[in-house]
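> next one to model:
(one chain, ligands or ions: 1)
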Amino acid sequence: MKTESNNQRGFWGSRLGFILAASGSAIGLGNIWKFPYIVGENGGGAFVLIYLVCIFVIGTPIMLAEFTLGRKTHLNPVGAFASLKPKSAFISIGFMGVLAGFLILSFYGVVGGWTFAYVVKSITGSVLSFTTPKEAGIFFGDFIGNTGEALFYHALFMSVCIAIVLRGIHGGIERACDILMPTLVIFLFLLMIRSLTLDGAMEGVAFYLSPDFSKISANTVLIALGQAFFSLSLGMGCMITYGSYLSEKENLTSSTVYVVMFDTMIALLVGMVIFPAVFAMGLEPAEGPSLVFSVLPVVFTNMPMGHIVSVIFFTLLAIAAITSGISLLEVVVAYFIDQRGWERKKAVLIVGAAIFAFGIPSGLSFGAMADVKLADMTFFDHVDNLASNYLLPLGGMLTAVFVGWVWGTQNAHAEIEKHENKFKFPWAQCWEFLIRYITPVAVGIVFLAKVLP
Ligand code: TRP
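Below is the predicted model of the structure:
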């Protein structure tokens with residue numbers, strides 16, 4: 001097993017490039033598709049507040065821990081744990097992460113394919129002829145149930161991820177994110193202005209910003225914590241992998257703060273786009289997962305300049321999905337490059353094809369294989385459930401335990417302070433306390449709450 005970095009790895013070209021790429025990983029379908037619908041289902045403003053607490057108290061410390069592990073070892077998740085505690089059971093945290101990356105991308109690629117399809121369908125205008133979410137929902141259901149079309153767009157999405165990751169860290173991932181991330185922010189601001197200037201938009205703003213604490217239950221807190229994890233790309237070594245391409249000079253603490261702020265800002269902005277528009281059109285915010293694909297098309301159909309707005313929106317969704325998809329692919333690829341000594345090209349092509357192939361039953365779970373169910377869940381549901389509800393929280397909790405207790409906060413501290421970077425009082429003490437006590441316990445509770453009936 002190779003545990004030293006080899007020349008197939010690469011480095012980020014600049015600190016900004018790294019921050020954009022890590023933000024690109026974090027900002028994805030989780031922010032634009034999932035965040036608004038769970039806010040809508042869980043009572044608006046109060047949920048947003050709890051989500052923010054989870055981001056800062058639990059997500060931020062884990063992200064710093066992951067970046068530190070990556071930068072210390074310059075290795076993929078398996079190599080990172082193996083080089084710090086050789087031959088220990090902790091290596092399985094790394095394997096779980098690589099497996100989770102494989103599984104998540106296999107279904108994330110399916111949804112990524114839907115976003116590509118909706119870019120095309122909004123350009124041709126075919127998603128813009130609905131007067132009720134029900135009609136738009138039927139159209140959406142027909143599309144995702146159509147084997148040929150769903151597979152075609154799934155393959156297209158995976159091919160774009162493969163093409164970018166083939167070009168490596170600096171020339172591929174970083175360059176793509178340098179262009180795509182600023183585009184996303186500009187588009188989002190344009191959409192927000194459009195949304196806020198609709199008649200009746202302020203009702204949506206009120207729903208979004210005024211907390212109604214009667215809607216909050218223990219379950220809401222669990223949902224918020226799970227979302228914080230998924231949105232920040234934590235718990236499977238994605239940020240270990242991205243951190244592994246950093247040079248010793250870079251400041252890990254401020255990079256963490258930027259990525260967290262950027263991810264959170266985008267999620268909050270997306271809410272400011274969606275809720276004013278949904279309320280202005282008199283639609284329901286608690287529509288669930290179909291909010292983006294069946295409520296928004298109705299909003300676009302009825303809004304002035306709706307055609308161009310819909311093209312912008314779905315393009316943005318596709319961009320966000322791509323920059324996250326490549327980060328998932330890179331985790332698995334980095335494992336084969338570092339641990340198995342494969343060339344990047346071979347690793348990307350084989351891993352990419354395998355993930356696509358494994359994702360096919362997920363892609364068919366809404367049509368040809370919709371009735372193939374085990375315990376009332378489709379293949380798609382099972383893969384999503386296994387990765388998101390088991391592997392990620394477990395991985396996150398064990399990573400916190402590893403850094404807090406096994407490798408030790410002293411060692412982490414020393415890595416963070418390399419090259420005159422200071423991890424000052426009281427932040428260092430705060431982080432140490434959170435990563436050793438609060439984070440493992442909080443994530444452990446979420447995990448148990450999901451595992452126990
Ligand atoms: N964070 C991304 C999103 O919000 C998804 C994602 C990418 C992810 N890499 C990850 C989630 C690693 C968990 C772990 O859509």
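> so who does Val332 touch?
By C-beta atoms under 8 Å, 6 or more residues apart in numbering, the contact set of Val332 is Val98, Gly101, Phe102, Leu105, Val351, Ile355. Every C-beta, even on glycine, is put in place using the N, C-alpha and C of the backbone.
> burial of the second one, as a residue count?
Looking back up the chat, that one is Gly101. For Gly101, the count of nearby residues is 30 (other C-beta atoms under 10 Å).
> tell me which helix or strand it sits in.
helix 91-123 (DSSP states H and E).
> need the pLDDT of Thr183.
With respect to pLDDT, Thr183 scores 89.
> if we can go back for a sec, which SSE is immediately downstream of the helix holding Gly101?
helix 133-145.
> if we can go back for a sec, now do the helix holding Gly101, average pLDDT.
Mean pLDDT, helix 91-123: 96.
> for stretch 158-165, same thing?
Rounded mean pLDDT across stretch 158-165 is 97.
> can you pull the buried residues of it?
For stretch 158-165, the neighbour count (16 or more other C-beta atoms under 10 Å) marks Met158, Val160, Cys161, Ile162, Ile164, Val165 as buried.
> for the first one, what are its contacts?
This points to Met158. Counted by C-beta under 8 Å, 6+ apart, Met158 has contacts Gly109, Gly112, Gly325, Gly352, Ile355, Phe356, Gly359.
> what's the spacing between it and the ligand?
Applying C-beta to the nearest ligand atom, to the nearest Å, the value for Met158 to the ligand is 15 Å.
> just the element for that residue, please.
Assigned by DSSP H and E, Met158 belongs to helix 147-166.
> next, the angle from that helix to helix 133-145.
70 degrees (axes from the mean of the first three to the mean of the last three C-alpha atoms, to 10 degrees).
> what angle sits between helix 147-166 and helix 91-123?
120 degrees.
> who does the lowest-mean-pLDDT helix or strand in the chain touch, helix- and strand-wise?
In the chain, the helix or strand scored least confidently by mean pLDDT, DSSP states H and E is helix 439-451, which has a mean of 82. For helix 439-451, the packing partners by 3 or more C-beta pairs under 8 Å, 6 or more residues apart in numbering; DSSP states H and E come out as helix 218-231, helix 392-401.
> show me the contacts for Ile360.
If you count contacts by C-beta under 8 Å, 6+ apart, then Ile360 has Leu151, His154 around it.
> follow-up on the earlier one: columns mean neighbour count, mean pLDDT and distance to the ligand on top of the helices and strands packed on helix 439-451, output as CSV?
What follows is these, written out as CSV (neighbours: other C-beta atoms under 10 Å; pLDDT from 0 to 100; distance: least, C-beta to the nearest ligand atom, whole Å):
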stretch, mean neighbour count, mean pLDDT, distance to the ligand
helix 218-231, 21, 86, 5
helix 392-401, 25, 93, 6
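> just put these in CSV and tack on distance to Ala334.
Putting the helices and strands packed on helix 439-451 into CSV (distance: least, C-beta to C-beta, whole Å) gives the following:
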stretch, distance to Ala334
helix 218-231, 21
helix 392-401, 16
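> could you point out which of those sits nearest Glu66?
For Glu66, the closest of the helices and strands packed on helix 439-451 is helix 392-401, at 6.5 Å, according to C-beta to C-beta.
> what does the protein put close to the ligand?
With C-beta under 6 Å from any ligand atom as the criterion, the chain meets the ligand at residues 25-26, 28-31, 230-231, 233, 235-236, 238, 324, 327-328, 392.
> pull out the buried residues from the longest helix along the chain.
Taking DSSP state H as the criterion, the chain has its longest helix at helix 306-340. Using 16+ other C-beta under 10 Å as the test for burial, helix 306-340 gives 306, 309-339.
> name the next helix or strand downstream of the helix holding Met158, please.
Next element after helix 147-166 (DSSP H and E): helix 175-196.
> what are the buried residues along that next one?
So helix 175-196, judged by 16+ other C-beta under 10 Å, has buried residues 175-178, 180-181, 184-185, 187-188, 190-192, 194-196.
> and for stretch 139-159?
So stretch 139-159, judged by 16+ other C-beta under 10 Å, has buried residues 139-141, 143-144, 149-151, 153-155, 157-158.
> want to try CSV for these, with distance to Ser126 as columns?
Shown next, in CSV, are those (distance: C-beta to C-beta, whole Å):
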residue, distance to Ser126
Phe139, 8
Phe140, 11
Gly141, 15
Phe143, 9
Ile144, 14
Glu149, 12
Ala150, 16
Leu151, 19
Tyr153, 14
His154, 19
Ala155, 21
Phe157, 19
Met158, 24
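> which one of those residues sits closest to the ligand?
When these are compared for distance to the ligand (C-beta to the nearest ligand atom), Phe157 comes out closest, at 13.4 Å.
> roughly how far does the closest one sit from Lys121?
15 Å (C-beta to C-beta, to the nearest Å).
> I'd say Phe187 and Thr315 touch.
Yes: under the criterion of C-beta atoms under 8 Å, Phe187 makes contact with Thr315 at 7.1 Å.
> check contacts around Trp15.
If you look again at residue 15, you'll see it is Arg, not Trp. Contacts of Arg15 by C-beta under 8 Å, 6+ apart are Glu250, Asn251, Ser255.
> among the residues you listed, which ones are in helices?
Short answer: the contacts of Arg15 in helices (DSSP H) are Ser255.
> for Ile50, list the residues it contacts.
Per C-beta under 8 Å, 6+ apart, neighbours of Ile50: Ile216, Thr220, Val221, Ala224.
> now it, what's its secondary structure?
helix (DSSP: H, G, I helix; E, B strand; the rest coil).
> hey, what's the nearest residue to Asn385 once chain neighbours are set aside bridged with?
In this structure, Asn385 finds its nearest non-sequential neighbour in Met377, 6.8 Å apart by C-beta to C-beta, 6 or more residues apart in numbering. Taking DSSP bridges, one finds Leu374 as the beta-bridge partners of Met377.
> where does Gly235 sit: helix, strand or coil?
Applying three-state DSSP: Gly235 is coil.
> now do the least confident helix or strand of the chain: distance to the chain's middle.
Computed by C-alpha atoms, centre = their mean, to the nearest Å, the chain-centroid distance of helix 439-451 equals 20 Å.
> re earlier: pull the most distant pair out of the residues of the chain next to the ligand.
Once C-beta to C-beta is applied, the residues of the chain next to the ligand give Asn31 and Met236 as the farthest pair, at 17.6 Å.
> was I right to think the residue nearest to Asn385 contacts Asn389?
No: using C-beta under 8 Å, Met377 is not in contact with Asn389; the gap is 11.6 Å.
> taking the stretch 251-400 of the chain, what residue is nearest to the ligand?
For the stretch 251-400 of the chain, C-beta to the nearest ligand atom, closest residue to the ligand: Ser324, 3.9 Å.
> could you find the closest non-adjacent residue to that residue?
Per C-beta to C-beta, 6+ apart, closest to Ser324 is Gly28, 3.1 Å.
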